[in-house]
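Colleague: This is the structure alone, sequence omitted:
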Ligand SMILES: NC(=O)c1ccc[n+]([C@@H]2O[C@H](COP(=O)([O-])OP(=O)(O)OC[C@H]3O[C@@H](n4cnc5c(N)ncnc54)[C@H](O)[C@@H]3O)[C@@H](O)[C@H]2O)c1
């Protein structure tokens, strides 16, 4: 599925916008090594997939490192609203290539408008996923975007629409699908080893983690001079600058992120859906069972403990929980003939023999799933072949929807009914309103 087919239209055919401009042709100072010219058999720059990267916090450096190590890719631009992060990004990218070519953009719209950028890697806080992804898609960039797809259902729907309308290639940072352990578990469930599945458990983290070491900085102060705080807040509601809810720890503030529930739903629910063939499906009923929600006025105000039960077509129940001891972290499928549990580095099942193999033997593999041994290379291969990646945009959307719906059910404190085909909450105006959030002007989601 992800092999390169030379006869297929290439990304450049796809764009039909005329010849691409190389960095050198734009007049930027360039020191080109012979390997970059293709003298040693490496891909010449004009044939590389050019990339711009947005963000440089917890996730972007790792993602970018993978692309910098791919000889088919040339990272030529970086975007950030924090000058210190920008300098770190430029240092790493230019350091890798041994030049000073990487261009710097503070406003993502300027980076997206550059005609010589083929693709973008977006690892910015959730409040920006919607606007930035739509802008990139409308500029025909192929996108490696992060999970969860966006901060709200409405923003997710806008991203899916723009990605499909522009026929771009999308890969989501739900990289678990590209690792053997998760592939093995999902293929076993799909191939019927545990029989008809009756229940699915998605165990996520609870509480808050002080990723940035800023938990003691909970007082409002002026923003530091290197940060354009206005552009960091963007479409979210303006609120005083508090270091404790900025870089990395924005996850614990509902103005910007969605707590542990939405931080992790794009990983373990993504795997649950893969095993159930639910990539284009969704629940019909969402019942809030328990939630510990700090007061909205707290700096860290996202749920610290939670549990919801979702019913899927056919009556299968899925429990999503954080901080409930009976729901083990990771993904568990329970069937009529056994069970399988999987997590990063962990696998278990009702039959001890299942631990012995690294992938379900071919003879038992009744439903072979998409194989991608390398999530980042899979994106680049698909940019070339125009084939879907292992986690395309609609998959990311469906994998995160149960988390959004559970959160809304906690907020209104009652069960919801969901029309998965129309993608609307049925008969609940207050809950429907929470499918989106008001954008701070002048930002608008097209
Ligand atoms: N796939 C995974 O395993 C994984 C792991 C961690 C984070 N993530 C995801 O990556 C994304 C980023 O998370 P993080 O933890 O790296 O956040 P972070 O706060 O550490 O970094 C965000 C970066 O984006 C920059 N930024 C903010 N607004 C911007 C704007 N308007 N334009 C350009 N840059 C802007 C910040 O200055 C910072 O450099 C999130 O969606 C998160 O869920 C994924």
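Modeller: Received it, and whenever you're ready, just let me know what you need. Everything quoted here is computed from the prediction, not taken from an experiment. Numbering: from 1, shown residues only.
Colleague: ok, how many other residues are close to residue 325?
Modeller: Counted with other C-beta atoms under 10 Å, residues neighbouring residue 325 total 7. Just so you know, the C-beta spots here come from the backbone N, C-alpha and C atoms, and that holds for glycine as well.
Colleague: again with residue 364
Modeller: Count around residue 364 with other C-beta under 10 Å applied: 12.
Colleague: who's in contact with it?
Modeller: Taking C-beta atoms under 8 Å, 6 or more residues apart in numbering, we find residue 364 in contact with 191, 193.
Colleague: One more: residue 208?
Modeller: Residues near residue 208 by C-beta under 8 Å, 6+ apart: 249, 251, 252, 259, 260, 300, 302, 304.
Colleague: neighbours of the fifth one, just the number please.
Modeller: Yep, that's residue 260 we're talking about. 24.
Colleague: is it true that it touches residue 207?
Modeller: Yes: with contact defined as C-beta atoms under 8 Å, residue 260 reaches residue 207; the gap is 7.1 Å.
Colleague: By proximity to the ligand, which residue of the protein wins?
Modeller: Closest residue of the chain to the ligand, C-beta to the nearest ligand atom: residue 57 (2.0 Å).
Colleague: Might you quantify the distance of stretch 147-159 from its chain's geometric centre?
Modeller: Centroid separation for stretch 147-159 versus its chain: 10 Å, with C-alpha atoms, centre = their mean, to the nearest Å.
Colleague: now stretch 94-101
Modeller: Mean-position distance between stretch 94-101 and its chain equals 28 Å (C-alpha atoms, centre = their mean).
Colleague: Figure out the length between the terminal residues of it.
Modeller: End-to-end distance for stretch 94-101: 7 Å, by C-alpha to C-alpha, to the nearest Å.
Colleague: I'd assumed residue 145 was in contact with residue 122.
Modeller: Yes: using C-beta under 8 Å, residue 122 is in contact with residue 145, at 4.9 Å.
Colleague: Overlap of the contact sets of these two?
Modeller: Jointly contacting residue 122 and residue 145 under the rule C-beta under 8 Å, 6+ apart are 129, 133.
Colleague: and the residue of the chain closest to the ligand, which of the three is it?
Modeller: Secondary structure assignment for residue 57 (DSSP: H, G, I helix; E, B strand; the rest coil): coil.
Colleague: same check, this time on residue 116
Modeller: The three-state label given to residue 116 by three-state DSSP is coil.
Colleague: Local confidence estimate at it?
Modeller: For residue 116, the model assigns a pLDDT of 97.
Colleague: how about it, phi and psi?
Modeller: For residue 116, the backbone dihedrals (degrees, to the nearest 10) come out as phi -90, psi 10.
Colleague: ditto for residue 386
Modeller: Per degrees, to the nearest 10, the backbone of residue 386 is at phi 70, psi 20.
Colleague: same question, residue 325
Modeller: Here is the backbone geometry of residue 325 (degrees, to the nearest 10): phi -60, psi -30.
Colleague: I figured residue 195 was touching residue 336, is that so?
Modeller: Yes: contact criterion C-beta under 8 Å: residue 195 and residue 336 qualify, at 3.8 Å.
Colleague: ok, the two, which is more surrounded?
Modeller: A direct count of neighbours by other C-beta under 10 Å for residue 195 and residue 336 places residue 195 higher, at 12 against 9.
Colleague: What helix or strand is that one located in?
Modeller: Using DSSP states H and E, residue 195 is not contained in any helix or strand.
Colleague: pLDDT value on the nearest residue to it once chain neighbours are set aside, please?
Modeller: Among residues not flanking residue 195 along the chain, residue 337 sits closest, at 3.4 Å (C-beta to C-beta, 6 or more residues apart in numbering). Here, the pLDDT recorded for residue 337 equals 98.
Colleague: ditto for residue 217
Modeller: 98.
Colleague: What of residue 47?
Modeller: 83.
Colleague: count of neighbours near it?
Modeller: Quick note: residue 47 (other C-beta under 10 Å) scores 14 neighbours.
Colleague: Can you name the residues of the stretch 251-400 of the chain sitting close to the ligand?
Modeller: residue 263 (C-beta under 6 Å from any ligand atom).
Colleague: Count the neighbours of residue 286 for me.
Modeller: Residue 286 has 28 nearby residues by other C-beta under 10 Å.
Colleague: Quick check: it touching residue 308?
Modeller: Yes: using C-beta under 8 Å, residue 286 is in contact with residue 308, at 6.1 Å.
Colleague: overlap in contacts of the two?
Modeller: With C-beta under 8 Å, 6+ apart as the test, residue 286 and residue 308 both reach 406, 409.
Colleague: mind listing the strands in the stretch 101-250 of the chain by residue range?
Modeller: Secondary structure of the stretch 101-250 of the chain by DSSP state E, counting those that start in this stretch: the strands cover 103-105, 119-122, 142-145, 170-172, 197-204.
Colleague: which residues touch the longest one?
Modeller: Same thing as strand 197-204. For strand 197-204, the external contacting residues (C-beta under 8 Å, 6+ apart) are 189, 260-261, 264-265, 268-269, 272, 275-276, 316-322, 324, 327-336, 402.
Colleague: When you filter those residues down to buried only, what's left?
Modeller: Taking 16 or more other C-beta atoms under 10 Å as the criterion, what is buried in those is 189, 260-261, 264-265, 268-269, 272, 275-276, 316-322, 324, 327, 329-335, 402.
Colleague: In strands, which of those residues appear?
Modeller: Judged by DSSP state E, strands contain the following of the buried ones among the contacts of strand 197-204: 317, 318, 319, 320, 321, 322, 330, 331, 332, 333, 334, 335.
Colleague: Please give me every residue in contact with the last one.
Modeller: Put plainly, it is residue 335. Neighbours of residue 335 in contact, by C-beta under 8 Å, 6+ apart: 189, 194, 195, 196, 197, 198.
Colleague: one more time with 10 Å
Modeller: With contacts defined as C-beta atoms under 10 Å, 6 or more residues apart in numbering, residue 335 is in contact with 189, 192, 193, 194, 195, 196, 197, 198, 199, 200, 350.
Colleague: Pull up the per-residue confidence for the fourth one.
Modeller: Confidence at residue 194, expressed as pLDDT, is 98.
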